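Engineer: Provided below are the primary sequence and the corresponding predicted coordinates.
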Amino acid sequence: MCSPILVENNVVGVIGLVALSEQQKIQLNNNKENLIKFLNKMSDMLSTKISEMNICEKQNLLIKQIETIINSIDEGIIAIDLDKNILFKNKIIKDILKEEETNLFISKLLQDDIYKDILLGREIKNIQFGIENRNFLVSIKPIVYSNKLQGIIFSLKNMKDINKIIRDMTLINSDTTFDSIIGKSEKFLKAIEIAKKTSRADSTVLILGESGTGKELFARAIHNESKRKKRPFVAVNCAAIPESLLESELFGFEEGAFTGAKKGGKIGKFELAQGGTLFLDEIGDMPLHLQVKLLRVLQEKYIERIGSNRQIEVDIRIIAATHKNLDEMVLKGEFRQDLYYRLNVIPIKIPPLRERRDDIKVLMDYILNKCCLKLNKNIKGFTEDVYEIFLNYHWPGNVRELENIIEYLVNMENGEYITFDKVPEKLKSKKGEDITIFDLKYHEKNLIKEALKKFNSKDEAAKALGIGRATLFRKIKEYGLN
Ligand SMILES: Nc1ncnc2c1ncn2[C@@H]1O[C@H](COP(=O)(O)OP(=O)(O)OP(=O)(O)O)[C@@H](O)[C@H]1O
């Protein structure tokens, strides 16, 4: 007689009793009912045991998998229970925090506010926290199970490593050298010559020029040919950041420095540029009280984060730029004279494009080549009349405007050469001046062009424009939009 051993409805074995003699057979038969019950119980016990072993095996595998995952994460992980006993640490933590520092780290971190947040089940993300002169970026997560807080998990990274990553990323543009600055006019070559000499020195540089003339390009090239090239190049546009935020952008702040200051504080651009170059674009827009602070950094070579009086030494080179007339601003009291002198150690003046027409053609060819590579097009050049038009335009937006127009043309052109008909109207107007916005016909033509592009049929386009079909056809003919 036998009974199957079942695990999850599958027969995994059999348990049985076998009679080896006639007498045993009689005995078994006489006690059949009880023995079958006994066998069934035994098989149940065995299947429970096997199930338990299977579950245990699965659990072990799961634990191993979780352990491997946690150990392969690129940040330190510590799990503790509510009595602050360490439940788990991943392997990398020992590279970040010394064994004997761990408890101090946990108890200092879990003070007051943070602990209250955690008790409420809140997560805390990316705060800067320091012990023993070292800073960490920490996130804290409560372990909640059955609606109850069961423990806490910390993940932490060394701020030094993070800063390195940021540095590496800010070096993306390190391919900008003087070779990528195009121009052959005398005035422009003079500016390049000064900039090249400047690269070898470590003095403060002031680049002057209209918007789009290549001030940032010059600054990057100077940095990339200087001894600081392996260190970060950090650019800040003083005009693009609201005045109230500029100070903290530059200097950073400590946690609790002001209402709303992020937990853990924030590193400023001066610190980010450590060892490298800080490019202060639109310096003419820097508010006066920050000019005073900047002057102090230039003189004393240290900064203090907002809300802290710890002095952090900074070893950076400043390259400033502006399109404004700083001489005039100094006279009007809008720019500090002492800072102006300090920045103006080596001035580099980049002339506007309209004052160096010799550069237009070489720049056109260079930019066309760049755009074709970017947009995967094969355009050989411009027709002569296009060169002519470009040479006569006054380029208020300088090289940036030239770049934008060429990119537009490369997008529009399907032939081998960029031709006159595709060139935007504003370049064709008499003195190269912008078409006045009061020119109705100009706008009408553009609107019709756009509608024709947007809608599949002329009927739909006419409807969208609010004109009849016949009128649309007449205008298409009148403006040569066929
Ligand atoms: N001489 C040049 N050769 C090649 N490209 C140039 C040259 N001058 C400017 N450019 C290009 O023109 C664009 C504008 O240059 P950049 O941003 O350096 O100007 P900017 O003077 O700093 O402008 P803004 O003052 O508006 O910030 C960039 O894409 C840059 O690569």
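Structural biologist: In hand now; what should we look at?

Engineer: Around the ligand, pick out the residues from the stretch 351-482 of the chain.
Structural biologist: 399-400, 403 (C-beta under 6 Å from any ligand atom). No exception for glycine: its C-beta is placed from N, CA and C like everyone else's.

Engineer: quick one: which of these is most hemmed in?
Structural biologist: V399 (23 neighbours; other C-beta atoms under 10 Å).

Engineer: And the pLDDT for that residue?
Structural biologist: Listed pLDDT for V399 reads 96.

Engineer: okay, the residue nearest to E304 when sequence neighbours are not counted: pLDDT?
Structural biologist: Residue nearest to E304 in three dimensions, not counting chain neighbours: Q311, with 5.9 Å by C-beta to C-beta, 6 or more residues apart in numbering. Looking at Q311, its pLDDT reads 88.

Engineer: Where does this structure get nearest to the ligand, which residue?
Structural biologist: In the chain, the residue that lies nearest the ligand is G214 (2.7 Å; C-beta to the nearest ligand atom).

Engineer: What about the residues of the stretch 351-482 of the chain next to the ligand, which are in helices?
Structural biologist: Mapping those onto helices (DSSP state H) picks out 399-400, 403.

Engineer: okay, the residues you listed in CSV with distance to R305 next?
Structural biologist: Compiled in CSV, these are given as follows (distance: C-beta to C-beta, whole Å):
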residue, distance to R305
V399, 37
R400, 35
E403, 38
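
Engineer: Pretty sure D338 sits against L295.
Structural biologist: Yes. D338 is in contact with L295 according to C-beta atoms under 8 Å; the separation is 6.0 Å.

Engineer: tell me which parts of the chain are close to the ligand?
Structural biologist: 181-183, 209, 211-217, 281, 323, 399-400, 403.

Engineer: Residue ranges in the stretch 201-350 of the chain under the pLDDT threshold?
Structural biologist: Low-confidence segments of the stretch 201-350 of the chain (pLDDT under 70): 256-264.

Engineer: Okay, helices next: where are they in it?
Structural biologist: 215-224, 243-251, 269-272, 288-300, 326-331, 337-343 (DSSP state H, counting those that start in this stretch).

Engineer: For A195, find the nearest of those helices.
Structural biologist: Ranking the helices of the stretch 201-350 of the chain by proximity to A195 (C-beta to C-beta) places helix 215-224 first, at 5.3 Å.

Engineer: wait, what's in contact with the residue of the chain closest to the ligand?
Structural biologist: For G214, the contact set (C-beta atoms under 8 Å, 6 or more residues apart in numbering) comprises 181, 350, 398-399.

Engineer: make it 6 Å
Structural biologist: Residues counted as contacts of G214 (C-beta atoms under 6 Å, 6 or more residues apart in numbering) are 350, 399.

Engineer: likewise Q27?
Structural biologist: Counted by C-beta under 6 Å, 6+ apart, Q27 has zero contacts.

Engineer: So it: helix, strand or coil?
Structural biologist: helix (DSSP: H, G, I helix; E, B strand; the rest coil).

Engineer: Look up how far L35 lies from it.
Structural biologist: 9 Å (C-beta to C-beta, to the nearest Å).

Engineer: How about I318?
Structural biologist: 96 Å.

Engineer: higher neighbour count, the two?
Structural biologist: The neighbour comparison of I318 against L35 (other C-beta under 10 Å) goes to I318, with 21 against 16.

Engineer: Nearest residue to the more buried one in space, please, no chain neighbours.
Structural biologist: Nearest one to I318, counting by C-beta to C-beta, 6+ apart, is T204 at 4.9 Å.

Engineer: count of residues packed around that neighbour?
Structural biologist: Using other C-beta under 10 Å: T204 sits among 16 other residues.

Engineer: and it, what are its phi and psi?
Structural biologist: Note on T204: its backbone torsions stand at phi -70, psi 140 [degrees, to the nearest 10].

Engineer: about what we covered before: tell me which of D338 and L295 has more neighbours.
Structural biologist: Neighbour totals were compared for D338 and L295, and L295 leads with 17 against 13 (other C-beta under 10 Å).
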